[in-house]
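Undergrad: give me a 3D structure for the following:
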Amino acid sequence: MKPVRLLRLLVLACLAAGLLAIGPASSSATALCEDATIEGECAVPYEEGTEITAKSTSPTLKTNVGNVICGSSLLVGETAEPATEKGEALMGQISSLTFVECSMGKSACEMESEELPYETALSWTSESNGTFQIQEGTVRVKCGIVINCKYNAESFYEFTGGKSASFSITEGSLAKKAGFLCPKTTQWTASYALSKPNEGVAFVAGKALSSTVLCDEHPAGTPVPPCPAGAPPGGHTYPINTEIKAELNGVKDKFEFEFEGFSKVVKCEESKMKAKTTFAAAPLIGTVEELKFPSCEGACSVVSNLTPYQFTIEAERPSTGNGEMVIGTPASPPNFIIHCGPNFQCKYEGSVPWILVGGNPATFEITGALIISNGVTEPNCSLFATWKSKYKITTPTPLYVERAG
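TA: Numbering: from 1, shown residues only. Alright, predicted model coming up:
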């Protein structure tokens, strides 16, 4: 399941019932995310306290007297906050940093982290990438009886986001803190591959997704800027409690299924939907107050009698002015009772996506599967039905789905 769809379902269900990184703080905010960054934003940021585990193979401390090479290094930490505000890095903490099987030539060495935990900072740079900084700490390096030195662990890594995220440093200088007969130069090279969170799936974003809004224009630009704030006519963002009305747009509603083994198509030539927005979020949240099919062909009727339903609207990313509305919650999806005479009744349910195509007027396009409801009275109805329709949005006009300004 796509992360955005999963997030939407979690929101509806509720309604029904730093890693390491960065140089100086950039002008953007920072989020560590489960989904890829688009236009600097992600939809599903990891929560505060998300565990970070990463392993490096053959990390190397290069010095003017020889190289200390370890078999591996393991870093364990967590994020210390959720997505941050503008101009702030995402802070974290390293609780464990270990090195095993270290040596310089034929001489066995030890590398040990001291003064844990270490503070870290993660910052977004571009796409799904960032920089990661270990801001403090001490690493002791001991080789035989000659080298016994302490180095400042502060260092900067390049963080590469993706389904197999990693962060790396190449010949980064470590400053000496204490010790005798220490090498004059030390350069640290290591590449850490994440295994947590989520088996290494991690993306860096400039911020978590802005709220979804309904807008009376599709802003021009590359990337597309947010919808200008303020209600029309002075602004361009339709306010919360905006009413949405839609009716069939020159086509008939079609409910296709099987009854007693034969294909059946029930067509309705009139249908109306009325809803309103109720809460600004990503996705936008609202309530469907009416979904009616007052006129169907033949002796058939279609009734959806459990309104009001909750709905969400999510904007396409990158922004196109279009979006997707999903009606109902996992616990309470829309239901459709189809009658065609006294001996014919089939009851279906399902949260079919309504594809919102922005414009003047905007439209909804519907094609999706419904499933037979529990407790249906007719045993001869097929397990699935298909609902196809196209609605014209009469209020508000024009209408586009955008990000908040």
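Undergrad: all contacts plus neighbour counts: C-alpha atoms, from now on.
TA: Fine.
Undergrad: what ranges do the helices span in the stretch 101-250 of the chain?
TA: Secondary structure of the stretch 101-250 of the chain by DSSP state H, counting those that start in this stretch: no helices are present.
Undergrad: how near is the nearest residue to residue 348 once chain neighbours are set aside to residue 158?
TA: Leaving aside its chain neighbours, residue 348 sits nearest to residue 372 (4.4 Å; criterion: CA to CA, 6 or more residues apart in numbering). Relative to residue 158, residue 372 is positioned 52 Å away (CA to CA, to the nearest Å).
Undergrad: could you do residue 383 as well?
TA: 52 Å.
Undergrad: more crowded one of these two?
TA: More neighbours surround residue 158 than the other of residue 383 and residue 158, with 22 against 15 (other CA atoms under 10 Å).
Undergrad: show me the contacts for residue 316.
TA: Contacts for residue 316 (CA atoms under 8 Å, 6 or more residues apart in numbering) come out as 322-324, 401.
Undergrad: residue ranges with poor pLDDT in the stretch 151-300 of the chain?
TA: For the stretch 151-300 of the chain, no stretch is flagged by pLDDT under 70.
Undergrad: returning to that earlier point: which of the contacts of residue 316 fall within strands?
TA: 323-324, 401 (DSSP state E).
Undergrad: who does residue 354 bridge with?
TA: Beta-bridge partners for residue 354, by DSSP bridges, are residue 325, residue 366.
Undergrad: er, residue 290 I mean
TA: Assigned bridge partners for residue 290, using DSSP bridges, are residue 274.
Undergrad: that one: how many residues sit nearby?
TA: Residue 290: 16 neighbours (other CA under 10 Å).
Undergrad: just checking, it touches residue 247?
TA: No. Between residue 290 and residue 247 there is no contact under CA atoms under 8 Å: 11.4 Å.
Undergrad: any common contacting residues for the two?
TA: Residues touching both residue 290 and residue 247 by CA under 8 Å, 6+ apart: 272-273.
Undergrad: pLDDT score for residue 13?
TA: pLDDT recorded at residue 13 is 48.
Undergrad: please apply the same query to the one 3 residues further on.
TA: Note on residue 16: pLDDT of 45.
Undergrad: what do you get for residue 122?
TA: Note on residue 122: pLDDT of 96.
Undergrad: one step back: next, find the distance separating the residue nearest to residue 348 from residue 350.
TA: To residue 350, residue 372 is 9 Å away according to CA to CA.
Undergrad: same deal with residue 72?
TA: 51 Å.
Undergrad: looking at the two now, which is surrounded by more residues?
TA: Comparing residue 72 with residue 350 by other CA under 10 Å, the one with more neighbours is residue 350, at 23 against 18.
Undergrad: which ones are touching the more buried one?
TA: Here residue 350 is in contact with 333-335, 369-371 (CA under 8 Å, 6+ apart).
Undergrad: give me phi/psi at it?
TA: Phi and psi for residue 350, reported as degrees, to the nearest 10, are phi 160, psi 150.
Undergrad: go ahead and confirm residue 141 touches residue 113.
TA: No. Under the criterion of CA under 8 Å, residue 141 is not in contact with residue 113, lying 9.1 Å apart.
Undergrad: which residue ranges of the stretch 1-150 of the chain form strands?
TA: Secondary structure of the stretch 1-150 of the chain (DSSP state E, counting those that start in this stretch): strands located at 31-33, 41-42, 51-57, 60-63, 66-79, 90-104, 107-114, 118-124, 130-134, 138-143, 147-152.
Undergrad: direction included, what does the longest one pair against?
TA: It stands for strand 90-104. In the sheet, strand 90-104 lines up with strand 66-79 (antiparallel), strand 107-114 (antiparallel), strand 118-124 (antiparallel) (DSSP bridges).
Undergrad: sounds good, over and out.
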